[in-house]
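J.: Got a sequence here, can you model it:
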Amino acid sequence: MKNNDILNENQIKSKLIFSTIFITSFELLSNLIITNLKGHICYDCIILKSDNSFDFKDCEIYLNTIKNIKHKELKNSKNEFYSCCKWYLKEEIIDLNEFNKIQEIRKYRNKLSHDFTNILLNNEIEINEELIIELKIILQKIGEFWFKIELDITNIDSINSKIEPNIISVKLVEYLEGILQSEKTSTRDSLKQ
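T.: Numbering: from 1, shown residues only. The predicted model follows:
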């Protein structure tokens, strides 16, 4: 096997791992953005599913203020994820730069998903590793917001300052980042040989 083949093989492996981690991380962010907001608005519309997990039925308020809102700036005028992000912006949970960064992250996730083979096999296409850092920062911020909401609901104000949000989705992204860094180190080591 030639050194060029190893490089291509290593690049493909790195892109595959990165793409998987990025898409997984985005899905965690998307779930946090949509599910927590839906649960907050439709708290009295819980549905128990056959696997004993639960979901929230779309309540009237959620349908009218989030899900069925048309956005003239979008090709597909209705978009639940976009509407939820607009709610976070309106409520000043995120700022305009973060809102735009979330849209950039979403577009990049879609590019990874829909143009995956081309990205994977084309050595000229670089992956954008900075976006996963931005994704984690936004995930942390929105996760902390919901953590504080939960504390307020349960009236744990007396110990509020002692509790650190252990946001599972952020910890998972950090774990996935560790896998990515390990892969990079492994790739560098194999190139040196």
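J.: what's the burial count for residue 38?
T.: Neighbour count of residue 38, defined by other CB atoms under 10 Å: 21. C-beta here means a position set from N, CA and C on the backbone, and glycine is covered the same way.
J.: This protein: helices as residue ranges?
T.: Taking DSSP state H as the test, the helices found in the chain are 3-41, 60-62, 80-90, 96-114, 116-121, 130-154, 168-192.
J.: helices or strands next to the second one in the packing?
T.: Contact here means 3 or more CB pairs under 8 Å, 6 or more residues apart in numbering; DSSP states H and E; on that basis helix 60-62 packs against helix 3-41.
J.: Can you tell me how far residue 143 is from residue 33?
T.: Distance, residue 143 to residue 33, using CB to CB, to the nearest Å: 10 Å.
J.: Revised request: answer the last question for residue 120.
T.: Distance, residue 120 to residue 33, by CB to CB: 27 Å.
J.: go on, residue 44?
T.: Note on residue 44: its distance to residue 33, by CB to CB, is 21 Å.
J.: quick one, which of these two is more surrounded?
T.: When residue 44 and residue 33 are compared for neighbours, residue 33 comes out ahead with 23 against 8, by other CB under 10 Å.
J.: pretty sure that one is touching residue 145, no?
T.: No: in this structure residue 33 lies outside contact range of residue 145 using CB atoms under 8 Å: 10.6 Å.
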